[in-house]
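Turn this into a model:
(one chain, ligands or ions: 1)
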Amino acid sequence: MMSTEKASVLICGAGLAGVSAAYFLSAREGLRDIVLVDERPPLSLTSDHSTECYRNWWPGPDAAMVDFINRSIDLLEELAGQSANVFHMNRRGYLYCSGDAKGLDNFIEQAQKVSQLGAGALRVHRGGAATAYRAAPPEGFAGQPDGADLLLDPALIEAHFPYLSKSIVAALHVRRAGWLSAQQLGTYFLNQARQNGVKVIEKRLIGVDLSGGKVERAHFQDGDSLRCESFVNAAGPFLAHVGQALGVELPVYNELHLKLAFQDSNEILDREAPLLIWSDPQILEWTDEEAEALGEDPHTRPLLELLPSGVHTRPEGSGGSRMALALWEYQTRLQEPVFPIFEDPLYPEVVVRGLARLIPGMHVYAERPPRPRLDGGYYTRTRENRPLIGRLPVEGAYVIGGLSGFGMMAACSAGELLAKTLAGAPLPGYAPAFSLERYRGPDYLKQFDQAGETGQL
Ligand SMILES: Cc1cc2nc3c(=O)[nH]c(=O)nc-3n(C[C@H](O)[C@H](O)[C@H](O)COP(=O)(O)OP(=O)(O)OC[C@H]3O[C@@H](n4cnc5c(N)ncnc54)[C@H](O)[C@@H]3O)c2cc1C
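Below is the predicted model:
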C-alpha cells in the first residue's frame, strides 16, 4: 500500500463487528473506498469461538436490548431468506429450567417483565388435557411463534423433554431464538462487502494521527500508513488498546469465557434439543476425598461453595454428529486479552457435573467427558453489559464493540447502527442507549445496579 493512498473509511478489526460494519456501510449505505484491516485472517479471533446462539430475550431496565436484538434477528431472517439460509439459521429456542419451587413466583415475574419489554407474548401452560404448546422444529426458522412458552406442568415438561431432570418445576421456552453458523454469516458479510468494493488488508494497526482534532492517518506495524476520513474501532478484545491510539478511554474490560466441546458417546443429549440452560445456582456433589483435595487449594476451594446459575448445552453438528457444546461461567476471570487463552484443566469435569443437575444422564461423564476440546475467548464488555456503538469524541472516529456474549446475535443491528451513524442517516430509537455519551448522565449506571440482572450467559 502506498502512503499516498486514501480510504474514506478504515475499519480496524475483521471480526463479526468489523465485517458487518463493512457490509452495512458498503451494501446498504452505498459508501465506497472502504478498507478493512486486521492483523489476523478475518473472523479468526473471538468470532470463531462463539456458541453461535441468538435470542431476543433480554432484561431491562428498558426495552433497548430487546429492540436492538429484535432488529438484528429481523435482519438475520431477511439475509437468511435472500441467501437460501446459507448460514443455517434454526429456531429451536432457549429452554431456561428451574427446580426452585420457592423461587417460582420470581421466575414467572422476570419472564413477564421481559415479555412486556417487547420480546413477545408469554403463554403459560399449567397442565390439563389441552395445551397450546407447540414444540420447535429442529431446522428452519419460518412460521414459528415469538415470545415464550412457560411450562409449569411436570408431565408436559417430561413429555417434551424426557431427558431433563424430574426436579424441574418451570421451563421457559424462548421462541425467537436458536443458533446458526457464525462463520458462514461472517463470510456472507465479507463476500457481499468485497463485491461492493471493500478492500481487506492484513496488517497490525499501531497508531492513528489526528490533525486539528480529526482523524487523518493510520499507521501499521510494517511501516505503511493510510490516510482516512473516518476510522472505525472494531478491535474486539483490543477495543480499549485501539481506543488509546485515538486518545479515547473506552469503559470496557475483558472476561475470559471457555467453551467445552465433547463427544456425547452415550447419546444423552437429544439431537433435536433447544439450547438448554439451568437457571438456578447450585452446589456440586463431590466425594469426601474429592472435597478434601479441592479444599486444600485456594484456587479450587470455591468449587465446594454455591456456584452461579447458567450452565448450558446444545447439540452441535448435523448428520451423525454426537458433539455437544457446554459452557458455564462458574468463575469470572477478568484479565488483559492474552492469546492463546488459558485453558482451565478442571473446566470439562466441572461443567459436566453442573450439567448433570439439568440432565441427570450427564453423570456418566462426571470423571471426564469423552474427547473434550476446550476453546473460548473474551467477552469484551461494559459494566452494564450493553455495547458501545457510535461516534467517539474525536472527529471522524467511531466504535463498534463491547459486544460481550451477544456479538453474533447483535452483529446485524450493530453493523447497521454503526453504518447509519457514520453515513448521517436517521437512527433507530435505541441508538442513544449504546452511545459513549450515555455515561455522561450521573445516575446512568444506578438503574442497572438496581435491576441487578444483565441477562448474560
Ligand atoms: C465462549 C464464547 C461464547 C460466545 N457465544 C456467543 C453466542 O452464543 N451468541 C452470540 O451472539 N455471541 C457469543 N459470543 C460473543 C461473540 O463471539 C463476540 O461478541 C463477537 O465475536 C465479537 O466480535 P468482534 O468483531 O467485536 O471481535 P473479534 O471477533 O475478536 O474481532 C476483532 C478483530 O480485531 C482485530 N484487531 C484487534 N486489534 C487490532 C490491531 N491493532 N490491528 C489489526 N487488527 C486488530 C483482531 O485481530 C480481531 O480479528 C461468545 C463469545 C465467547 C468467547
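
where do the strands sit along the stretch 101-250 of the chain?
Ranges of strands in the stretch 101-250 of the chain, per DSSP state E, counting those that start in this stretch, are 122-125, 148-151, 170-174, 177-179, 199-202, 205-211, 214-220, 225-233.

Make JSON lines out of the ones you listed and add mean neighbour count.
(Glycine included, C-beta is placed from N, CA and C.) Below are the strands of the stretch 101-250 of the chain laid out as JSON lines (neighbours: other CB atoms under 10 Å):
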{"stretch": "strand 122-125", "mean neighbour count": "17"}
{"stretch": "strand 148-151", "mean neighbour count": "26"}
{"stretch": "strand 170-174", "mean neighbour count": "25"}
{"stretch": "strand 177-179", "mean neighbour count": "27"}
{"stretch": "strand 199-202", "mean neighbour count": "16"}
{"stretch": "strand 205-211", "mean neighbour count": "17"}
{"stretch": "strand 214-220", "mean neighbour count": "18"}
{"stretch": "strand 225-233", "mean neighbour count": "23"}
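
Could you work out which of those reaches nearest to the ligand?
strand 205-211 (3.7 Å; CB to the nearest ligand atom).

which other helices and strands contact that closest one?
Packing contacts for strand 205-211, counted by 3 or more CB pairs under 8 Å, 6 or more residues apart in numbering; DSSP states H and E, involve strand 214-220, helix 239-245.

mind running it again at 10 Å?
Strand 205-211 sits against strand 6-12, strand 214-220, strand 225-233, helix 239-245, with contacts defined as 3 or more CB pairs under 10 Å, 6 or more residues apart in numbering; DSSP states H and E.

Each with direction, which strands does it pair with?
Paired strands of strand 205-211, with direction, are strand 214-220 (antiparallel) (DSSP bridges).

The partner strand to strand 225-233, inter-axis angle?
Angle, strand 214-220 to strand 225-233, by axes from the mean of the first three to the mean of the last three CA atoms, to 10 degrees: 110 degrees.

Next, see if strand 214-220 gets close to the ligand.
No: judged by CB under 6 Å from any ligand atom, strand 214-220 stays clear of the ligand, getting no closer than 7.8 Å.

how distant is that strand from the center of its chain?
31 Å (CA atoms, centre = their mean, to the nearest Å).

So for Ile318, what's the pLDDT?
Rather than Ile, residue 318 is Ser. pLDDT for Ser318: 89.

just the one 4 residues further on next, same as before
Per-residue confidence (pLDDT) for Arg322: 96.

can I assume it is in contact with Asp270?
No: applying CB atoms under 10 Å as the test, Arg322 and Asp270 come out as separate, 11.7 Å apart.

Without its sequence neighbours, what residue ends up closest to the closest residue to the ligand within the stretch 301-450 of the chain?
As assessed by CB to the nearest ligand atom, the ligand sits closest to Gly407 within the stretch 301-450 of the chain, at 2.0 Å. Among residues not flanking Gly407 along the chain, Leu16 sits closest, at 5.6 Å (CB to CB, 6 or more residues apart in numbering).

For Glu336, list the residues it contacts.
When contacts are counted by CB atoms under 10 Å, 6 or more residues apart in numbering, Glu336 is found next to 237-238, 240-241, 253-254, 378.

swap that for Phe161, sorry
95, 97, 135, 151, 168, 171, 173, 270, 273-274, 276, 358-359.

and the gap between it and the ligand?
Distance of Phe161 to the ligand, given as CB to the nearest ligand atom, to the nearest Å: 21 Å.

And for Asn85?
For Asn85, the distance to the ligand - CB to the nearest ligand atom - is 18 Å.

my read: that residue touches Arg91, true?
No: checked against CB under 10 Å, the pair Asn85 and Arg91 is beyond contact range at 11.1 Å.

Between the two, tell me which one has more neighbours.
Arg91 (25 against 19; other CB atoms under 10 Å).

can you pull the pLDDT of that one?
According to the prediction, Arg91 has pLDDT 98.

do Met1 as well
57.

Likewise for Gly127?
Here the pLDDT value assigned to Gly127 is 76.

now Glu367
Looking at Glu367, its pLDDT reads 82.

show me what contacts it?
Residues in contact with Glu367 (CB under 10 Å, 6+ apart) are 348-349, 352-353.

Then His299?
Contacts of His299 by CB under 10 Å, 6+ apart are 331, 344, 346.

Now do the shared contacts for Asn85 and Arg91.
Contacts common to Asn85 and Arg91, judged by CB under 10 Å, 6+ apart, are 77, 139-142, 180.

Do a quick rundown of the helices in the protein.
Applying DSSP state H to the chain gives helices spanning 16-23, 64-82, 104-114, 154-160, 182-195, 239-245, 288-296, 347-355, 411-423, 446-451.
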